[in-house]
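*Asks:* Got a predicted structure plus its sequence, pasted below:
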Amino acid sequence: MVITESNSSMVQTLITRLSKEFSMKDLGDLHYFLGIEVQANEKGLFLSQMKYALELLQRASMIDAKPISTPCVVGQHLSTEGKLLSDPTMFRSLAGALQYLTITRLDLFFSVNSIFQFMHAPTEDHFGALKRILRYVKGTPHHGLQLHQQSTHDILAYSDTDWAGCLHTRRSTTGYTIFFCTNLVSWSFKKQSTVSRSSVEAEYRSLAVATVDIAWIVQLLRDLHVTLSTTPKILCDNQSAIFMAVNPITHPHSKHIAIDYHFVRELVANGTLKVAFIPSHLQLADSLTKGVTKPQFFLF
């Protein structure tokens, strides 16, 4: 169990009370927890999974593999075609282990998400993609998340979409990152549940998904009695999607979009959320590097 508080005397009081009710041992300052290494530095806390990553490479018999600079090939899309693996057990085991590694390794998230879509029937090409990820991990086991000490409290999110990126279903992939001050606290890359008929619809759906996560974080901060310095802001690179978010008028071409997604408009209208334009996909990739030490990002 991890106990944290700005007042050290309150922490000690809680530990003393718990020790009277339960048999427990105080291990002192936090250094290692559930496979995550915690290192205090002049900036704050650095979270990594180096030990876990090296154990994963050893388990895959790739501890001596040649490192590679990227976790996936840019523009390459995996498919269901190809020779099926005779025994997919190892593939599924390593893929599951890689998923846990993404707790502190956002640079692996999209690549791992891609191979996870073929867990039911993995092929040799999928296994090759998994090995490429492991070769990337071999060269970057020290990467992780840097959490900075901050005096201000604000939320900034980035939203993006790969429209019709899936070659088989033509569903789009939603991607977003959320920063609390300069600390990366939440992210997701997930295939949308329905096919979007336009890039505007796909981007608008991504805005809605990111907004749900922002609303949850705001509520959590409210429960912790943390007051935000400014209104949460979400950045998007599609001006039409932004227009839909701030304009309460329903246009004929957007009537088919589920009403559930239009709650973004309500939050914008009452001042709970701000939506702004960001000019390029590259700025989203640059934003991700704020929370990760020397990553290589290749999105969609």
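*Replies:* Sure thing, it's come through.
*Asks:* What is the neighbour count of residue 120?
*Replies:* Using other CB atoms under 10 Å, residue 120 has 8 neighbouring residues. Every C-beta, even on glycine, is put in place using the N, C-alpha and C of the backbone.
*Asks:* got it, and residue 81?
*Replies:* 9.
*Asks:* all helices in the stretch 101-250 of the chain, in order from the N-terminus.
*Replies:* 109-116, 124-139, 199-223, 239-246 (DSSP state H, counting those that start in this stretch).
*Asks:* Could I get the buried residue list for the longest one?
*Replies:* Going back to what we said before, that points to helix 199-223. 199-211, 213-214, 217-218 (16 or more other CB atoms under 10 Å).
*Asks:* Next: stretch 180-192.
*Replies:* Under 16+ other CB under 10 Å, the buried positions of stretch 180-192 are 180-187, 189, 192.
*Asks:* average pLDDT across that stretch?
*Replies:* Confidence for stretch 180-192, expressed as mean pLDDT, is 90.
*Asks:* Distance from it to the middle of the chain?
*Replies:* 4 Å (CA atoms, centre = their mean, to the nearest Å).
*Asks:* got a list of contacts for that stretch?
*Replies:* For stretch 180-192, contacts defined as CB atoms under 8 Å, 6 or more residues apart in numbering pick out 106, 109-110, 113, 117, 145, 147-148, 150, 152-155, 166, 169, 171-179, 202, 205, 209, 213, 217, 288, 290-292, 299.
*Asks:* Kindly export it (C-alpha atoms) in CSV.
*Replies:* What follows is stretch 180-192, C-alpha atoms only, in CSV (Å, rounded to 0.1, in the frame of the first residue of the first chain):
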residue,chain,number,x,y,z
PHE,A,180,-2.4,17.8,-15.4
CYS,A,181,0.0,20.9,-15.5
THR,A,182,2.9,19.4,-17.4
ASN,A,183,2.4,15.8,-16.1
LEU,A,184,0.9,13.2,-18.4
VAL,A,185,-1.9,11.5,-16.4
SER,A,186,-4.2,9.8,-18.9
TRP,A,187,-4.0,8.6,-22.5
SER,A,188,-5.8,6.3,-24.9
PHE,A,189,-5.6,4.8,-28.4
LYS,A,190,-8.8,2.9,-29.2
LYS,A,191,-10.7,1.8,-32.3
GLN,A,192,-14.1,3.5,-32.5
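*Asks:* Whatever helix or strand residue 57 lives in - contacts with which helices or strands?
*Replies:* According to DSSP states H and E, residue 57 maps onto helix 50-59. Packing partners of helix 50-59 (3 or more CB pairs under 8 Å, 6 or more residues apart in numbering; DSSP states H and E): strand 36-40, helix 89-101, helix 124-139.
*Asks:* Please identify the deepest-packed of the ones you listed.
*Replies:* Ranked by mean neighbour count under mean count of other CB atoms under 10 Å, those are led by helix 124-139, which reaches a mean of 20.
*Asks:* now that helix, how far from the centre of its chain.
*Replies:* Counting by CA atoms, centre = their mean, helix 124-139 comes out at 20 Å from the chain centroid.
*Asks:* tell me the contacts of residue 200?
*Replies:* Listed by CB under 8 Å, 6+ apart, the contact partners of residue 200 are 238, 240-241, 244, 254.
*Asks:* what's the closest non-adjacent residue to residue 228?
*Replies:* Leaving aside its chain neighbours, residue 228 sits nearest to residue 153 (5.2 Å; criterion: CB to CB, 6 or more residues apart in numbering).
*Asks:* So what's the residue count around the one you found?
*Replies:* So residue 153, with other CB under 10 Å, has 13 neighbours.
*Asks:* on that earlier part again, weakest of the helices of the stretch 101-250 of the chain by average pLDDT?
*Replies:* helix 239-246 (a mean of 83).
*Asks:* which helices and strands does that helix pack with?
*Replies:* So helix 239-246, by 3+ CB pairs under 8 Å, 6+ apart, packs with helix 199-223, helix 263-269, strand 274-277.
*Asks:* Which one, of the ones you listed, ends up nearest to residue 73?
*Replies:* Closest to residue 73 of those is helix 199-223 (CB to CB; 23.1 Å).
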